[in-house]
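[1] Build me a model:
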Amino acid sequence: MKITAVASFPKYKDGIPRATEELISKLCEANSVESVSVITKESKAFVSPSLSKNKKVSLFTPRSFLLPWTLLRIIKLYWNSDVFLLFAHPCYVFDPLQPLCYFQLLIKCRVLPRAKMVQMLYDFANYACPEDYVALSKRTKFSVLWKDYFSKVPIRYVAISESTKKEAMRYWGQGAADVTVVHLGSFITPKTPRAHFGSKRILTVGDISPRKNQLRLIQAFELVHRNNPSSGVELMIVGHVRKDIPGFESTLRDMRRRNKGIKITLAGYLSDSEILSLYEEADVFVYPSLYEGFGLPVLEAMACGCPVIASNVSSLPEVVGEAGMLVDPYDVDALAQAISTVLQDDGLKREMSRKGIAQAQKFSWEKAGAELLAVCREVAEKGKQA
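    Below is the predicted model:
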């Protein structure tokens, strides 16, 4: 089976490009996969060495997708492939100056066969949380165009959670049979349950933005601090400011002024190794996000044996299962109560650590790769019959 993959590999990778590299690597491990041709608009230098040196992988990094010979090469790759797998949202790959790409039009108009295109779906955040996106952003504009003109071009969609699948059906009108769910794996191998706690640190990891809900988190932490101001508990927020949150800085400033000794640390961007150390030492990981397509930080925290408190919305209940506490992310009092409950009970922490690791073991890149490969095989077989 020959696969062509369209992907985005920026210099600084977040969860999606890293997940893409993992999934392509797992596809390459299958004996049935002869080759994977990767089309990306970024430099080859941004692709991980393990992937770029893989003998089954070939990289095509055109400077512009509007050049005639680029289009011809993509068409050739499409014809010669059994599966054409779009890991990145099309607006991130095809030139934004020409969002109604000729290539997509050729498939839509049946000049090229539709029966081999598969599109990955990560989230519908711009629909569910429009406050996180500028009204005329590239992603929002192209999502509307894709829905109106190209949402029926892929023969199959692959969603990273049941929640995302439901949203594909809701927002894009996809049928249940058209969307297959493939859960992601953890970038951290599940460890042994933790027996000792006492760092008095509450950790959250994620870019600071409205949908990540850090404003309500600091409000909940203030309640925790006021209930026991001498406890020395610290809230550490890891992540850079992606979008201004109205009232966040002023609330934080007022909070520090009226609560002597309150410990709230904005750590900014940290390396993977630094975040790993924090997962391993924090007494509790709190993720009050209003919306997630999957929730990799939650899975990674559980893999490290860190007790988890997360929102009871979108995909997070799928990831957490019964291993952590699920709370209403809009209820500051409930969030504060959950944090206090976990902080005060070491026995509960040990139980949550054990359950979290067991839950994290249900997710793996091997499993995700095998499930994605099964989709590719099914699409390839149908393509041959078409």
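[2] hey, where'd the strands end up in the stretch 1-150 of the chain?
    Under the criterion DSSP state E, counting those that start in this stretch, the stretch 1-150 of the chain contains strands at 2-6, 35-39, 57-60, 83-86, 117-121.
[3] Please state the mean pLDDT value computed over the first one.
    Just to be clear, that refers to strand 2-6. Averaged across strand 2-6, pLDDT comes to 94.
[4] do the same with the fourth one
    Regarding strand 83-86, the rounded mean pLDDT is 94.
[5] which secondary structure elements does it contact?
    Secondary-structure packing of strand 83-86 (3 or more C-beta pairs under 8 Å, 6 or more residues apart in numbering; DSSP states H and E): strand 2-6, strand 117-121, helix 365-385. (C-beta placed from N, C-alpha, C; glycine too.)
[6] Could you provide these in a markdown table, with additional columns for distance to residue 73?
    A markdown table is the format used below for these (distance: least, C-beta to C-beta, whole Å):
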| stretch | distance to residue 73 |
| --- | --- |
| strand 2-6 | 11 |
| strand 117-121 | 17 |
| helix 365-385 | 20 |
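[7] nearest to residue 312, of these?
    Distance to residue 312, taken as C-beta to C-beta, is lowest for strand 117-121 among the helices and strands packed on strand 83-86, at 22.1 Å.
[8] Contacts for the closest one next, please.
    The contact list for strand 117-121 (C-beta atoms under 8 Å, 6 or more residues apart in numbering) reads 83-88, 90, 107, 153-160, 164-165, 168, 179, 293, 375-376, 379.
[9] Between strand 2-6 and it, find me the angle.
    Comparing the axes of strand 117-121 and strand 2-6 via axes from the mean of the first three to the mean of the last three C-alpha atoms, to 10 degrees yields an angle of 40 degrees.
[10] still on that earlier bit, for residue 307, which of the helices and strands packed on strand 83-86 is the nearest?
    helix 365-385 (24.4 Å).
[11] And that closest one, what does it pack against?
    helix 15-29, strand 83-86, strand 117-121, strand 156-159.
[12] Mean neighbour count, those: which tops it?
    Comparing the helices and strands packed on helix 365-385 by mean neighbour count (mean count of other C-beta atoms under 10 Å), strand 83-86 ranks first with a mean of 27.
[13] Parallel or antiparallel, which strands does it pair with?
    The pairing partners recorded for strand 83-86 under DSSP bridges are strand 2-6 (parallel), strand 117-121 (parallel).
[14] for the last one, what is the average pLDDT?
    Here strand 117-121 scores 94 as its mean pLDDT.
[15] Now do the residue nearest to residue 210 when sequence neighbours are not counted against residue 152, distance only.
    Leaving aside its chain neighbours, residue 210 sits nearest to residue 131 (4.9 Å; criterion: C-beta to C-beta, 6 or more residues apart in numbering). Counting by C-beta to C-beta, to the nearest Å, the gap from residue 131 to residue 152 is 29 Å.
[16] quick one: residue 26 and residue 364 touch, right?
    No. The criterion here is C-beta atoms under 8 Å, and residue 26 misses it with residue 364 at 9.6 Å.
[17] would TSV of the helices and strands packed on helix 365-385 with distance to residue 278 be doable?
    Converted to TSV, the helices and strands packed on helix 365-385 look like this (distance: least, C-beta to C-beta, whole Å):
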stretch	distance to residue 278
helix 15-29	17
strand 83-86	34
strand 117-121	29
strand 156-159	30
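[18] nearest to residue 261, of those?
    Between these, helix 15-29 lies closest to residue 261; by C-beta to C-beta that is 35.2 Å.
[19] Kindly format the C-alpha coordinates of the closest one as PDB.
    Taking Å, rounded to 0.1, in the frame of the first residue of the first chain, the C-alpha atoms of helix 15-29 are listed here in PDB:
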ATOM      1  CA  GLY A  15       0.500  18.300  19.900                       C
ATOM      2  CA  ILE A  16      -0.900  17.900  16.400                       C
ATOM      3  CA  PRO A  17       2.400  17.900  14.400                       C
ATOM      4  CA  ARG A  18       4.000  15.600  17.100                       C
ATOM      5  CA  ALA A  19       1.000  13.300  16.800                       C
ATOM      6  CA  THR A  20       1.300  13.300  13.000                       C
ATOM      7  CA  GLU A  21       5.000  12.200  13.200                       C
ATOM      8  CA  GLU A  22       4.100   9.400  15.600                       C
ATOM      9  CA  LEU A  23       1.200   8.200  13.400                       C
ATOM     10  CA  ILE A  24       3.300   8.300  10.200                       C
ATOM     11  CA  SER A  25       6.100   6.400  12.000                       C
ATOM     12  CA  LYS A  26       3.600   3.700  13.100                       C
ATOM     13  CA  LEU A  27       2.200   3.400   9.600                       C
ATOM     14  CA  CYS A  28       5.700   2.800   8.200                       C
ATOM     15  CA  GLU A  29       6.200  -0.100  10.600                       C
END
